[in-house]
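Chemist: Predicted coordinates and the sequence they were generated for:
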Amino acid sequence: MTGYSRGASKPSRPRRPHPPRRRTGPSRPPVEDPARLAALETLRAVRQRDAYANLVLPQLLRERRITGRDAALATELTYGAARAQGLLDAVIEACSDRPLSEVDGSALDALRLGAYQLLRTRIPAHAAVASTVDLVRAELGSGIAGFVNAVLRRIAEQDEAAWVDELAPDPDTDPIGNLAFTHAHPRWIAQAFAEALGSRDEPLKRALEADDARPAVHLVARPGEVSADELAAIVGGDVAPYSPYGVHLEAGAGDPGDLEPVRERLANVQDEGSQLCALALTRAPLEGGEGDAGGGTDDRWLDLCAGPGGKAALLAALVGLEGGELIAVEKAPHRAELVRKITSGLPVTVHVADGRETDFVEGAFDRVLVDAPCTGLGALRRRPEARWRRQPTDVGTLTKLQHELLTEALRLVRPGGVVGYVVCSPHLSETVGVVTDVARRTGAEVLDAREFFPGVPDLGEGPHVQLWPHLHGTDAMFCAVLRRPVRALVNDGSDGV
Ligand SMILES: C[S@@+](CC[C@H](N)C(=O)[O-])C[C@H]1O[C@@H](n2cnc3c(N)ncnc32)[C@H](O)[C@@H]1O
């Protein structure tokens, strides 16, 4: 399986002038190629035990003291091969004498690593093939090395563009499938992007292209501690275009966790889109005067899905400057612990609880953030293997939870208070679908969220905001802002969904 549905137009296989040569005999001693070995082992962990490449690889690099150019090479090859997996698999399958399901898993990892070097890097073909084959021979023996050598040599016969031309679905009959293949996305995800963008041509192409590139790391300066200008000067980055607290680092600038301001808790790693969505919640005007129940206050904020705590830290720093406090709720205990760590020193109380079943009284908060669990289709750039792991069936389970959390948030906010609903996904079921339905059922007022993203261009027709990598340089975050009416909330008795 390659992850692409090519339907009736399954391509003919290329000619194979050289049948695979099977080598036998004694294995060579282990190769001295720490970068590729680390990449191969990470790809194996991703395949075998559903590991996350961006957790496994940094740990391997640290343990083996792999630094500098070797670390950069290992990172490029691992994340690149994980991201492009479906495209690579289609090419590998076209060059193999057996279906992928019959290829040994470890050999497949090596083939992905080799194919990525051949198709998507400037590493000379002979070096890409030889280094991969050496690794396989040392790790798996000469027999498998011969097979890998034969497949990689066939892949090397043409470049990525030629393979795409040969294997991608016809752009005239299946434009979305063609763009999905070309930019290494599963078709259903490209389809979801197309629906959110209202386009199956140039905007979709630009969105998928940007989503396939390595993202820059963004930092957020902690309000009240350091300004974005100061942070940019300290870390050698650029002040972000839209977030007053944001700083962009150069791609490949090393581990941001090693930066002194991050170690000293003056700054955190946080995508600029996440910063903007958290800030939107703080910018929406509240209603209700001193005489109203709970009215006139703005000092008790709630983050209903807080882990690992990036937005909680930003919100807490801001509410803290005004003498208020943030309550952070997180269901998973280990993620609640991360919230405690990242918000230490800030006015935050962390509760381990299900956000749908807390002990808080109705109307207890002035502002509530629901940064709901979601498919994460908006942050695929940052999670290399995620696009091939997520399934369309994940969407239904998540939208049910999203409905329930947003409904509860509207109960917990005071009349006249505001709720920010945020997901890191452009999938319409998780975004507009959830908000429209909950607003209809509860009678909550949907505000024009674009007003709370000052200076940010290309925000479309509103009232919700959908950010995009190709338009804003951020993750594809979605943000809606709802206000609980000063009159009572409607309860239509249904559980939603
Ligand atoms: C998108 S993440 C939140 C990211 C976070 N706001 C940040 O900026 O770092 C969603 C979080 O919700 C948590 N979660 C899932 N189901 C939940 C529930 N029923 N109640 C509360 N938290 C939940 C997940 O464990 C996850 O940590």
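Modeler: Ah, there it is.
Chemist: going forward, measure contacts and count neighbours with C-alpha atoms only.
Modeler: Noted.
Chemist: Return the residues of the chain in contact with the ligand.
Modeler: Within the chain, the positions adjacent to the ligand are 304-311, 329-332, 335, 354-356, 371-373 by C-alpha under 6 Å from any ligand atom.
Chemist: hey, which helix is longest across this protein?
Modeler: In the chain, assigned by DSSP state H, the helix with the most residues is helix 394-412.
Chemist: Flag every buried residue along that one.
Modeler: Within helix 394-412, the residues that count as buried by 16 or more other C-alpha atoms under 10 Å are 398-399, 401-412.
Chemist: Quick check on the residues of the chain next to the ligand: which are buried?
Modeler: Buried among the residues of the chain next to the ligand (16+ other C-alpha under 10 Å): 304-311, 329-331, 335, 355-356, 371-373.
Chemist: Inside strands: which ones of the residues you listed?
Modeler: 329-330, 371 (DSSP state E).
Chemist: Reformat those as a markdown table; add pLDDT and distance to Pro457.
Modeler: Putting these into a markdown table (pLDDT from 0 to 100; distance: C-alpha to C-alpha, whole Å) gives the following:
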| residue | pLDDT | distance to Pro457 |
| --- | --- | --- |
| Val329 | 98 | 33 |
| Glu330 | 98 | 33 |
| Asp371 | 98 | 23 |
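Chemist: what's the closest of those to Ala94?
Modeler: Nearest to Ala94 among those, counting by C-alpha to C-alpha, is Asp371 at 42.1 Å.
Chemist: Phi and psi next, for Val423.
Modeler: phi -140, psi 150 (degrees, to the nearest 10).
Chemist: Where helices are concerned, which of the residues of the chain next to the ligand count?
Modeler: Mapping these onto helices (DSSP H) picks out 310-311, 335.
Chemist: Just name the closest of the residues you listed to Cys95, please.
Modeler: Distances from Cys95 to those, taken by C-alpha to C-alpha, are shortest for Arg335, at 43.7 Å.
Chemist: Pull up the gap between that closest one and Gln158, please.
Modeler: As judged by C-alpha to C-alpha, to the nearest Å, Arg335 and Gln158 stand 46 Å apart.
Chemist: number of nearby residues for whichever residue of the stretch 151-300 of the chain sits closest to the ligand?
Modeler: Among the residues of the stretch 151-300 of the chain, Ser274 lies nearest to the ligand; the distance is 6.8 Å by C-alpha to the nearest ligand atom. By other C-alpha atoms under 10 Å, the residues close to Ser274 number 26.
Chemist: In CSV, list the C-alpha atoms belonging to the helix or strand it falls within.
Modeler: Element membership for Ser274 (DSSP states H and E) is helix 272-283. What follows is helix 272-283, C-alpha atoms only, in CSV (Å, rounded to 0.1, in the frame of the first residue of the first chain):
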residue,chain,number,x,y,z
GLU,A,272,2.9,32.2,15.6
GLY,A,273,-0.6,31.0,14.6
SER,A,274,-1.1,29.6,18.1
GLN,A,275,0.0,32.9,19.6
LEU,A,276,-2.5,34.8,17.4
CYS,A,277,-5.4,32.5,18.4
ALA,A,278,-4.7,32.8,22.1
LEU,A,279,-4.4,36.6,21.7
ALA,A,280,-7.7,36.7,19.8
LEU,A,281,-9.5,35.4,22.9
THR,A,282,-7.9,38.2,25.0
ARG,A,283,-8.9,40.9,22.5
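Chemist: And that helix, what does it pack against?
Modeler: Applying 3 or more C-alpha pairs under 8 Å, 6 or more residues apart in numbering; DSSP states H and E, one finds that helix 272-283 makes contact with strand 218-221, helix 310-321, strand 365-371, strand 413-423, strand 478-483.
Chemist: Let me know which of those is the nearest to Gly146.
Modeler: Proximity to Gly146, assessed across the helices and strands packed on helix 272-283 by C-alpha to C-alpha, is greatest for strand 218-221 (43.6 Å).
Chemist: list the buried ones in the helix or strand just after that closest one?
Modeler: Downstream of strand 218-221, the next assigned helix or strand under DSSP H and E is helix 228-235. Under the neighbour-count criterion of 16+ other C-alpha under 10 Å, helix 228-235 has 228-229, 231-232, 235 buried.
Chemist: could you give me the average pLDDT of whichever helix or strand comes after helix 228-235?
Modeler: Reading on from helix 228-235 to the C-terminus, the next helix or strand found by DSSP H and E is strand 238-239. For strand 238-239, the mean pLDDT works out to 98.
Chemist: What lies in contact with strand 238-239?
Modeler: Contacts of strand 238-239 from elsewhere in the structure, counted by C-alpha atoms under 8 Å, 6 or more residues apart in numbering, are 228-229, 232, 246-249.
Chemist: circling back to that earlier point, what are the buried residues along the helix holding Ser274?
Modeler: 272-282.
Chemist: Stretch 42-51 too?
Modeler: Per 16+ other C-alpha under 10 Å, stretch 42-51 contains these buried residues: 42-47.
Chemist: CA atoms of it as PDB?
Modeler: What follows is stretch 42-51, C-alpha atoms only, in PDB (Å, rounded to 0.1, in the frame of the first residue of the first chain):
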ATOM      1  CA  THR A  42      14.100   6.400  13.800                       C
ATOM      2  CA  LEU A  43      12.200   5.400  10.700                       C
ATOM      3  CA  ARG A  44      12.100   1.900  12.100                       C
ATOM      4  CA  ALA A  45      10.700   3.100  15.400                       C
ATOM      5  CA  VAL A  46       8.000   5.100  13.600                       C
ATOM      6  CA  ARG A  47       7.000   2.100  11.600                       C
ATOM      7  CA  GLN A  48       7.300  -0.600  14.300                       C
ATOM      8  CA  ARG A  49       5.900   1.100  17.400                       C
ATOM      9  CA  ASP A  50       4.100   4.200  16.100                       C
ATOM     10  CA  ALA A  51       6.800   6.400  17.600                       C
END
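Chemist: Make sure I have this right: Ala213 is in a strand.
Modeler: No - under the criterion used here (DSSP: H, G, I helix; E, B strand; the rest coil), Ala213 is coil, not part of a strand.
Chemist: start at 601 instead
Modeler: Okay, residue one is now 601; in that scheme the one you just asked about reads as Ala813.
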